[in-house]
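S.K.: pasting the structure only:
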């Protein structure tokens, strides 16, 4: 009983830190409940009914997120270590810690939810697998530990150390690149380009009028897709430029080759 009490006491700072981080990120949950409910309703509708693309698990063999986001996002090396850790935990069953078995269950749960729901539009598949990531990393660390315990020679452990360093450096390098790209947001660059273009046109006594997709700039008040617009009519009404987003069109191009898609996706993808 005393041991269980000590374990419970150790969990208090963990849950406290988690609560603080959650409230720091989601403080508006407390102060703006109406927006929370409205957003939850919209997300539930999208999650169950899909959003533009309808991607189902059976045609993708339950591996869409594995192949397109989870493994490449963390790196295949990290995923390999996690697979080893999960296999050893499964093999040992009750001989391993409760935290190990919990990690395996959470990966299966979060992955299953993301894979079964039809809402997972490309190219940003990875965000739907974020809940899996901490547990996969835990399993990867356990996989490394199991391998270290199994190797008894100095050469074997030196080789293992090199492999671990390699599997950590590769995703770390990619993370740095991603952060750098976030600072160089193409949407912000698009707004700056349009501003300069507008000022240049005004200096010549001209004017520009832009039709922009809602993903192409930081202002979401744009059209959903210029592929649905009558560009000839837009030109006649004074539009001089069209600003599009690759995020939108990657969905169409990938979706047109997927099973059970809406006719609009095949029409838009086939016309690009």
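M.R.: Perfect, I can see it now. The shown structure was predicted, so the numbers you read here are calculated from the model rather than taken from an experiment.
S.K.: flag the shaky bits of the chain, pLDDT-wise.
M.R.: The chain contains residues with pLDDT under 70 at 1-11, 46-51, 93-96, 121, 123, 182, 220, 269-272.
S.K.: please redo it, this time with the cut-off set to 50
M.R.: Along the chain, segments meeting pLDDT under 50 span 1-4.
S.K.: helices of the stretch 1-150 of the chain, start to end?
M.R.: All helices of the stretch 1-150 of the chain, identified by DSSP state H, counting those that start in this stretch, fall at 2-25, 28-31, 33-49, 64-65, 71-74, 76-92, 98-116, 133-150.
S.K.: count the residues that sit near the closest residue to residue 215 other than its chain neighbours.
M.R.: Spatially, and ignoring its direct neighbours in sequence, residue 215 is nearest to residue 245 (3.6 Å; Cβ to Cβ, 6 or more residues apart in numbering). From N, CA and C alone the C-beta is placed, and that goes for glycine too. Neighbour count of residue 245, defined by other Cβ atoms under 10 Å: 20.
S.K.: surely residue 245 and residue 213 touch.
M.R.: Yes: assessed by Cβ atoms under 8 Å, residue 245 is found in contact with residue 213 at 4.8 Å.
S.K.: quick one, what contacts the residue nearest to residue 215?
M.R.: Neighbouring residues of residue 245 by Cβ atoms under 8 Å, 6 or more residues apart in numbering: 213, 214, 215, 216.
S.K.: torsion angles phi and psi at it?
M.R.: phi -120, psi 130 (degrees, to the nearest 10).
S.K.: distance of it relative to residue 65?
M.R.: 23 Å (Cβ to Cβ, to the nearest Å).
S.K.: likewise residue 229?
M.R.: Counting by Cβ to Cβ - residue 229 and residue 65 are separated by 33 Å.
S.K.: for residue 252, same thing?
M.R.: Distance of residue 252 to residue 65, given as Cβ to Cβ: 20 Å.
S.K.: check residue 33 too.
M.R.: From residue 33 to residue 65 the distance is 31 Å (Cβ to Cβ).
S.K.: of the two, who's got more company?
M.R.: Counted by other Cβ under 10 Å, residue 33 and residue 65 do not tie: residue 65 has more neighbours, with 24 against 10.
S.K.: on that earlier part again, just among the contacts of residue 245, which is most surrounded?
M.R.: residue 216 (24 neighbours).
S.K.: out of the helices of the stretch 1-150 of the chain, flag the one nearest residue 268.
M.R.: With Cβ to Cβ as the measure, helix 33-49 is the member of those nearest residue 268 (18.8 Å).
S.K.: what is that closest one packed up against?
M.R.: helix 28-31 (3 or more Cβ pairs under 8 Å, 6 or more residues apart in numbering; DSSP states H and E).
S.K.: how far out from the middle of the chain is the helix it packs on?
M.R.: Here the centre of helix 28-31 is set off from its chain's centre by 24 Å, with Cα atoms, centre = their mean, to the nearest Å.
S.K.: again with stretch 212-224
M.R.: On Cα atoms, centre = their mean, the centre of stretch 212-224 falls 21 Å from that of its chain.
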